[in-house]
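Novice: can't give you the sequence, but here's the structure:
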């Protein structure tokens, strides 16, 4: 017989700044070796090894072996959701250099939240899909005072976002293959974006949209960050396909 949820055990895992940096570095769903994660956390290899061991044992990371090498990634999308939820209620980290400032801007402008688009890019995409009637069921706005709309007890499920018939047609034409999506994963979910305080698209459709934009060369993953870099083709494609006017510094 089990008791109530032991949230203190998870709290102790993320309370260490080194482990928190490791989780943030893995927040885009990719797998990274211990050497890279040690550098991201700013700790020695032996310290990173201890951190990774605790995170694996605590169920937040899993290990993948490729030959003699071990790679670490988030244990699942629920861990990515936890990171995003913690980010929403966390104070911003201090910026002490131009490099840190540039990285912070890039993460807020466009990033992946586990395997789907987030930041300004993600919220503007969802806003556009609602505006052009590809999605229905909400307005994309996060209102913490409207408990009936954005309950903390059920993030990602309070709004009944759903694809419209025109949305299905348009996204198929864009290259989204609905038949290949995993049946066990919800087609549409949403996250409350921590940097924009609006909704961005998650679920299997959100993941498919991100993959399609990567395949088209519209966005590419940064090497040492969960940020995404938008290409010139990406800015043009976002404008022509979805009516999103973005520039590298923000919105027109």
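Specialist: Cool, got the structure. All of these numbers come straight from a predicted model, not from anything done at the bench.
Novice: what does the domain assignment say about the protein?
Specialist: Segmentation of the chain into domains, based on automatic domain parsing, reads 7-75, 103-251.
Novice: Let me see the confidence value for residue 102.
Specialist: If you check residue 102, the pLDDT there is 85.
Novice: quick one on the thing from earlier: among the domains of the chain, show the one with the smallest mean pLDDT.
Specialist: Ranked by mean pLDDT, the domains of the chain bottom out at domain 103-251, with a mean of 88.
Novice: Next, give phi and psi for the residue most central in space within the chain.
Specialist: The chain has residue 113 as the residue nearest its centroid, 0.4 Å off, counting by CA atoms, centre = their mean. Main-chain torsions, residue 113, degrees, to the nearest 10: phi -110, psi 100.
Novice: what about it, distance to residue 172?
Specialist: 24 Å (CB to CB, to the nearest Å). Just so you know, the C-beta spots here come from the backbone N, C-alpha and C atoms, and that holds for glycine as well.
Novice: repeat for residue 62
Specialist: Separation of residue 62 from residue 172 (CB to CB) stands at 34 Å.
Novice: Residue 106 now?
Specialist: 31 Å.
Novice: re earlier: in terms of neighbours, single out the busier of residue 62 and residue 172.
Specialist: residue 62 (15 against 12; other CB atoms under 10 Å).
Novice: just to revisit the earlier point, can you list the domains of the chain in JSON lines and add distance to residue 84?
Specialist: Formatted as JSON lines, these follow (distance: least, CB to CB, whole Å):
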{"stretch": "domain 7-75", "distance to residue 84": "8"}
{"stretch": "domain 103-251", "distance to residue 84": "5"}
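Novice: among these, which is nearest residue 85?
Specialist: domain 103-251 (6.7 Å; CB to CB).
Novice: and residue 172, what helix or strand is that in?
Specialist: If you go by DSSP states H and E, residue 172 is part of helix 165-174.
Novice: so what's residue 191 up against?
Specialist: 81, 84, 113, 116, 118, 155, 156, 199, 200, 202 (CB atoms under 8 Å, 6 or more residues apart in numbering).
Novice: mind running it again at 10 Å?
Specialist: 77, 80-81, 84-85, 88, 113-114, 116, 118, 122-123, 126, 142, 155-156, 198-203, 206 (CB atoms under 10 Å, 6 or more residues apart in numbering).
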